[in-house]
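> sequence-free structure coming up:
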């Protein structure tokens, strides 16, 4: 449905695109809103997890008898409490995961595969008793050599994590297991012929470290399993319907037996799209016959929940002397953590996506190593590959003496461009974002010594997916809206605006909630930048059902034919010959006589949303390097990104700004630091250094709107693209500030200082 | 070991509770007094999500013991609004969309209130450095700083 | 007849054959015809591929129509599709899968 058709469908345009106050806001600013750890049930027990102290070890035996005997301990679970799962891939966030691996990640079976891997769990009447109980569980380990780094893990003599893992995607099929789970490749045109046409070729190798999503709220779950298996579960999650599916599967329950309520969620960014504590809490509750509450400590979050991949990336690009890209090659090696499933596939597909290049070849390897299983992190895989490509694009610009924005403009993908990963693009807004950045005062501000400016663009696909949302008209004419995707950043405000405009009622008469799994049909999770895109589509569908229903009721009331009535701006209006005979009826008018005219008024949108449009963006950053300390200060930052149509401009800007700052942290400070023993050394916020308010300036956000023709309002998902450009933009700015091309992230002060010293660049120069 | 019997004031109300020696003020607030507005993000004083004021001084309640607060005055996020009237900071946070997931918001509000009570006209620089003890992963801090500056201006007008 | 192109690793499974001319009028028919020609593809088609029909990307839709002159690309699934359909299909295939 086009926007014109939507308006013709009788909706107003009063609230969409304005900065309304979010309906769930008051509870959040008063501390009333309940997050995962804020729920309690009478009689609840405390659940705690025993975790492997070794990076790689065979679990020889587990003796929990002393723990079970401790007064106050009501249940202990180990691998014996979970049936094994056959090998089978399922969607987990924006990646695929295998149930055989899921059950092993949730509770180790044959081996502990990373420091922090769950080995057993207890439920007790107090924290103190639970802690004591963990100490009484006797686990015998056979410690094995471990491997962390991706290149080392790929060596044929590397310690092997899984003896049943054979590299997929290579011919002939290997007969020896390996840590390389998969090889993927996309090709377009003829890469060798492309390089022959090039006047300039740049080849570079890059390295990035694993970084964590860094949500401030640790994982939390409260499970209550009844004697007949009926389960109630409250948890902090991005996808409560998926939690239900995975937990029902692992515990052998019918899906209808499990009812999951998503609490307010204190950040996810992809990291809360899979299960950790939920099946443990359920298994403990089932055994103890009492509710069990489990909350992770910050250390557990770092050691046992998925960060994103660290990677090694090689990029080789060729261009003519006029600046036309003629060949783009890349080889990506991504860490998957203990089980296969890094985001190397999307990394491969996104690497050259912003550009129109005739000859592309990108190869990717998914490699396991002894660290926590990787989870999705905002545009999974793309920041890494696009960082490498954007850095090389900048070098090409320098070699050719071309302006970096002009060079990107010359090669920008646009409507009709054939993407390296297959299809042709519909309308997209990369050029608009490049132009927007070029026009800013930021771009035209002079810089001083030790200051540098960098620009980079970025791409992410975005997804749609199964969505179910309902609208109900209450007896007083107000509207209840129920969505099924947890609200991680203002979704309820956007959906309420859409419902208000569709039905022509005031915004504050619409109350949106996130329904539990018992109240709605299946919803895929909040992720893939899909919740506003898909949710609004489902709301439009639900509103359409209501409008059709009210028109049908009016026809009966007015004893007329369907072509004599129409819904417009919140009213059913009589048309033509009966226009003078009857007064238009509002939603509230119908609400008063709902029972008498057939029953409650409502609609449910049940869709598998298609047509998600990619969102492209361009970032501009000014920074200053302190040559004495290596510290980098971000002076100025501008984001321009295509939102298609911003349902709520402030929350769209918020996505731009939040993603940019995560990218700044990734580029400059964040990394997992492992000791030689394979243990994580910085499992806390002090040493895992995320940006604080004093690290960043205001982030200027420019909203570009190139409508997505496949959405009734033109909406594109926006949440993920903002984390893609910062890494390249900052690396490019660093090169301009120091003359040094940094190819290893993060560009933290010790690394910067070392590089300056090696170059012989000093403060005096 | 016997529990400690503590009498104190929380948001103007007299309260008393029992706690173990190792229980933090944050544990007591959340688990014993059922005031779950203060959040545990790290337990080590690095994220500020547990911010409260103790005798008017901004502290991380995860770094204060429950048994230390006898006879003192604690103020949490739950005491910030007065009746139906939101504090100007709370109002401006809503208007400027200075929260996305909202988990850090109570901590930021308590910390900002403490700042403005001390410095009614802070610069952007002063706000950013004062709030450096509060982590936010969603917003990138831009709209939080804007909201604090706007609230400060409102409060100065009286 | 619609032109069908396999992108990425999918072409490896067919022994390098990346392009097909098939008479399918829906995604469901297309998957069936491809699986008949190359049985090894069947599992991959079920596990999840994205389908681009004349430039429009679809994920997880069996019923989408394909026109007589359409250009169809099969790509690796961009992101997780729906768990519901997958769950019931897989449950049916593996009845003895849980404790």
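On my side now, so go ahead. These numbers come from a predicted model, not from an experiment. Numbering: from 1, shown residues only, chains lettered A, B, ... in the order given.

> how about the helix of greatest length in chain B, does it get close to chain A?
Among all segments of chain B classified by DSSP state H, the helix with the greatest residue count is helix B:142-157. Yes. Applying Cβ under 8 Å from any Cβ of the partner chain, one finds helix B:142-157 in contact with chain A at B:142-146. For every residue, glycine as well, the C-beta is placed using N, CA and C.

> Summarise which helices and strands that helix is packed against.
Packed against helix B:142-157, as judged by 3 or more Cβ pairs under 8 Å, 6 or more residues apart in numbering or on different chains; DSSP states H and E, are the following elements: helix A:649-668, helix B:88-95, helix B:105-118, helix B:124-130.

> any chance of the ones you listed in a markdown table, with distance to residue A:224, mean pLDDT and mean neighbour count too?
As requested, those are exported to a markdown table (distance: least, Cβ to Cβ, whole Å; pLDDT from 0 to 100; neighbours: other Cβ atoms under 10 Å in any protein chain shown):
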| stretch | distance to residue A:224 | mean pLDDT | mean neighbour count |
| --- | --- | --- | --- |
| helix A:649-668 | 34 | 98 | 27 |
| helix B:88-95 | 34 | 98 | 22 |
| helix B:105-118 | 27 | 98 | 24 |
| helix B:124-130 | 42 | 98 | 17 |
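
> how's chain B carved up into domains?
B:4-79, B:88-157 (automatic domain parsing).

> hey, which of the ones you listed is tucked in deepest?
domain B:88-157 (a mean of 22; mean count of other Cβ atoms under 10 Å in any protein chain shown).

> start to end distance for it?
With Cα to Cα, to the nearest Å as the measure, the first residue of domain B:88-157 is 11 Å from its last.

> Relative to residue A:216, how far out is the residue nearest to the spatial centre of chain B?
Centroid check for chain B by Cα atoms, centre = their mean gives residue B:110 as the closest residue, at 3.2 Å. Going from residue B:110 to residue A:216 by Cβ to Cβ, to the nearest Å gives 15 Å.

> How is residue A:266 assigned, secondary-structure-wise?
Using DSSP: H, G, I helix; E, B strand; the rest coil, the secondary structure recorded for residue A:266 is coil.

> before we move on, the earlier item: minimum distance to residue A:616: which of the domains of chain B has it?
domain B:88-157 (19.6 Å; Cβ to Cβ).

> Which parts of chain C are helices?
Shown for chain C, the helices assigned by DSSP H span residues C:10-13, C:27-37, C:41-47, C:83-93.

> Relative to residue A:656, how far out is the residue of the stretch 501-650 of chain A at minimum distance from chain B?
Relative to chain B, the nearest point of the stretch 501-650 of chain A is residue A:650 (3.6 Å; Cβ to the nearest Cβ). The spacing between residue A:650 and residue A:656, counted by Cβ to Cβ, is 11 Å.

> isn't residue A:289 right up against residue A:224?
No. Under the contact definition of Cβ atoms under 8 Å, residue A:289 does not touch residue A:224, with a separation of 9.8 Å.

> Looking at those two, which has the bigger crowd around it?
Neighbour count, other Cβ atoms under 10 Å in any protein chain shown: between residue A:289 and residue A:224, residue A:224 has more, with 22 against 14.

> Just checking: what are the partner strands of the host helix or strand of that one?
Under the criterion DSSP states H and E, the helix or strand holding residue A:224 is strand A:220-225. Each strand pairing with strand A:220-225, determined using DSSP bridges, is listed with its direction: strand A:231-235 (antiparallel), strand A:292-295 (antiparallel).

> who's in contact with that strand?
Defining contact as Cβ atoms under 8 Å, 6 or more residues apart in numbering or on different chains, one finds that strand A:220-225 is touched by A:35-37, A:39-41, A:44, A:231-236, A:263, A:277-278, A:280-282, A:284-286, A:289-296.

> now it, how far from the centre of its chain.
Strand A:220-225 has its average C-alpha position 24 Å from the chain's average C-alpha position, going by Cα atoms, centre = their mean, to the nearest Å.

> now swap in stretch A:407-427 and tell me
Stretch A:407-427 has its average C-alpha position 24 Å from the chain's average C-alpha position, going by Cα atoms, centre = their mean.

> Please work out which residue of the stretch 351-500 of chain A is closest to chain C.
Among the residues of the stretch 351-500 of chain A, residue A:423 lies nearest to chain C; the distance is 3.4 Å by Cβ to the nearest Cβ.
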